[in-house]
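**Student:** Would you be able to build a 3D model of this:
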Amino acid sequence: MFTATLIASGTLTAGDISTAMDRLRDAGCAPGVSGWIDEGDAADLIFGMAPNAARVALEGAFAATDVVVQSSLTRTKALIVADMDSTMITVECIDELADYAGIKPQIAEITERAMRGELDFEAALDARVALLEGLAESDIERCLAERVTIMPGAKALVRTMRARGAVAVLVSGGFTRFAEPVAKAIGFDRAIANVLEIEGGVLTGTVTKPIVGSNTKLTTLRAAIAERGITVEESLAVGDGANDLAMIEAAGLGVAYHAKPVVAAAAAARVDHGDLTALLYAQGIAKQHWVLD
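**Tutor:** Residues are numbered from 1 along each chain as shown. So this is what the prediction gives:
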């Protein structure tokens, strides 16, 4: 059996659910029962076959509604591996750090192209970090305090999953000086990120090798699955950029979160409208069971 979860923000109606069941029937998906997770916010539709056809039938059919289609047997996840910038936090740290050097537009353009998959990530990171040479180390702490904001729903997602026994790993193509405090604030088990090299209180314009990029994210996911002793289907990966695509495609449920087009097109699930609590609804977890602090 399969579950299609419709996720909105107070706008989902009983009529929408009825229409969705009709669309599943017309697509040959053999729909069964449906029910609310939280009335108005999320509902489950159970069906018997053709999950790809179900996705096509439901995605985009309802205004401001995200759709997650997956096997009913493995929707509860025992592992989450997540990107940081523009996923678990609302900004790209390197772009904000560049603002303190007066070169944000120049670096942000490279970041955008790298996240869209137009540039090699590792080469683009080297190029951007080189432009930060001479920036004061103290600006990292200023940036963290002044610019970095946790993404809505991040704490509820990670803390709820961990309270239910899951492992949570933050893997970032950004920097440890941001990833480690962000991971602690949200509630991750651990964080993996790049190390900015600093001498005499200023950035050298280099980053420690090897660079944490797409391959690191993929190998981290696979290693965590093995360490946890779970099946691939019990894993969840979420990110927004091209360097997240390999882990998103390899996870049991790979989610493109407000993602770049290349990622959104390839991911098994997309969250385009809601916040990160959509990934709790995708697991069938009602709001009354969320861990909020």
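
**Student:** What residues sit buried inside the longest helix along the chain?
**Tutor:** Looking across the chain with DSSP state H, the single longest helix is helix 214-228. Judged by neighbour count (16 or more other Cβ atoms under 10 Å), helix 214-228 contains these buried residues: 214, 216-218, 220-222, 224-225. Placement of C-beta: from N, CA and C, glycine included.

**Student:** Tabulate these in a markdown table, adding columns for pLDDT.
**Tutor:** Shown next, in a markdown table, are the buried residues of helix 214-228 (pLDDT from 0 to 100):
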| residue | pLDDT |
| --- | --- |
| 214 | 96 |
| 216 | 97 |
| 217 | 98 |
| 218 | 98 |
| 220 | 98 |
| 221 | 98 |
| 222 | 98 |
| 224 | 98 |
| 225 | 98 |
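
**Student:** tell me the two of these that are most distant?
**Tutor:** The most widely separated members of the buried residues of helix 214-228, counting by Cβ to Cβ, are 214 and 225 (17.2 Å).

**Student:** Okay, angle between the helix or strand just after the longest helix of the chain and helix 214-228 too, please.
**Tutor:** Going down the chain from helix 214-228, the next helix or strand is strand 235-239, by DSSP states H and E. Orientation check (axes from the mean of the first three to the mean of the last three Cα atoms, to 10 degrees): strand 235-239 against helix 214-228 gives 160 degrees.

**Student:** Flag every buried residue along the next helix or strand after strand 235-239.
**Tutor:** Of the helices and strands lying after strand 235-239 in sequence (DSSP H and E), the nearest is helix 245-250. Of the residues in helix 245-250, 245-248, 250 count as buried by neighbour count, 16+ other Cβ under 10 Å.

**Student:** What is helix 245-250 packed up against?
**Tutor:** Secondary-structure packing of helix 245-250 (3 or more Cβ pairs under 8 Å, 6 or more residues apart in numbering; DSSP states H and E): helix 214-228, strand 235-239, strand 253-257, helix 261-266.

**Student:** try 6 Å
**Tutor:** Where contact means 3 or more Cβ pairs under 6 Å, 6 or more residues apart in numbering; DSSP states H and E, helix 245-250 is packed against helix 214-228.

**Student:** on contacts alone, who are the packing partners of the helix it packs on?
**Tutor:** The contact analysis (3+ Cβ pairs under 6 Å, 6+ apart) places helix 214-228 against strand 79-82, strand 167-175, helix 245-250.

**Student:** next SSE after the second one?
**Tutor:** Along the chain past strand 167-175, the next helix or strand (assigned with DSSP H and E) turns out to be helix 176-186.

**Student:** circling back: save the buried residues of helix 214-228 as JSON lines, and put in distance to residue 206 too.
**Tutor:** Formatted as JSON lines, those follow (distance: Cβ to Cβ, whole Å):
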{"residue": "214", "distance to residue 206": "20"}
{"residue": "216", "distance to residue 206": "18"}
{"residue": "217", "distance to residue 206": "21"}
{"residue": "218", "distance to residue 206": "24"}
{"residue": "220", "distance to residue 206": "23"}
{"residue": "221", "distance to residue 206": "27"}
{"residue": "222", "distance to residue 206": "29"}
{"residue": "224", "distance to residue 206": "29"}
{"residue": "225", "distance to residue 206": "33"}
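
**Student:** Which single one of those is nearest to residue 135?
**Tutor:** Of all these, residue 216 has the smallest distance to residue 135: 24.6 Å, by Cβ to Cβ.

**Student:** Could you give the number of residues near residue 263?
**Tutor:** Residues contacting residue 263 under the criterion other Cβ atoms under 10 Å number 27.

**Student:** likewise residue 261?
**Tutor:** As a burial measure, residue 261 scores 11 neighbours (other Cβ under 10 Å).

**Student:** Find the nearest non-adjacent residue to it, please.
**Tutor:** If the residues on either side of it in the chain are set aside, residue 261 comes closest to residue 116, at 7.1 Å by Cβ to Cβ, 6 or more residues apart in numbering.

**Student:** how close does the one you found sit to residue 216?
**Tutor:** 20 Å (Cβ to Cβ, to the nearest Å).

**Student:** again, but for residue 194
**Tutor:** According to Cβ to Cβ, residue 194 and residue 216 sit 9 Å apart.

**Student:** This completes my enquiry, with thanks.
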